[in-house]
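S.K.: Can you look at this prediction? I've put the sequence above it.
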Amino acid sequence: MPRGDGTGPKGQGPRGTGRGMGRDRGGQRQGQGGGFGAGPSGVCVCPACGERMTHQLGVPCHQQQCPKCGKPMTRG
């Protein structure tokens, strides 16, 4: 933009202002998703019977068995 009025050649604007900028390689915006854990608090839920139990720090829900039916729990 030689005169600063927006009439310059296409594709020659300042870096980081084009379409799709602000995204990381995975297509997700930074700060959303991409993490492995859901945090220290919460509950584990049985997908079969609906039983809920408090999530234990350091133990993934899918490694815990439901106390009622024995199925693997999921994060709720």
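M.R.: Looks like it arrived, so ask away.

S.K.: Run through this structure and note the low-pLDDT ranges.
M.R.: Across the chain, the ranges flagged by pLDDT under 70 are 1-3, 6, 8-39.

S.K.: could you pull out the strands for it?
M.R.: Along the chain, the segments classed as strands by DSSP state E run 43-45, 52-54, 74-75.

S.K.: Could you name the helices and strands sitting against the shortest one?
M.R.: In other words, strand 74-75. Secondary-structure packing of strand 74-75 (3 or more Cβ pairs under 8 Å, 6 or more residues apart in numbering; DSSP states H and E): strand 43-45. All C-beta spots, glycine's among them, are computed from the backbone N, C-alpha and C.

S.K.: wait, which of the strands of the chain is closest to H62?
M.R.: Closest to H62 of the strands of the chain is strand 74-75 (Cβ to Cβ; 6.4 Å).

S.K.: Mind listing the strands that closest one pairs with, and their directions?
M.R.: strand 43-45 (antiparallel) (DSSP bridges).

S.K.: mind listing what's buried in the partner strand?
M.R.: C44, V45 (16 or more other Cβ atoms under 10 Å).

S.K.: Just the residues contacting it, thanks.
M.R.: E51, R52, M53, T54, H55, C61, Q64, M73, T74, R75, G76 (Cβ atoms under 8 Å, 6 or more residues apart in numbering).

S.K.: contacting residues for the fourth one?
M.R.: What that stands for is T54. Contacts of T54 by Cβ under 8 Å, 6+ apart are V43, C44.

S.K.: beta partners for it?
M.R.: V43.

S.K.: Could you report the distance from it to K71?
M.R.: 18 Å (Cβ to Cβ, to the nearest Å).

S.K.: just to revisit the earlier point, now the buried members of the contacts of strand 43-45.
M.R.: Of these, these count as buried by 16+ other Cβ under 10 Å: M53, H55, C61, Q64, M73.
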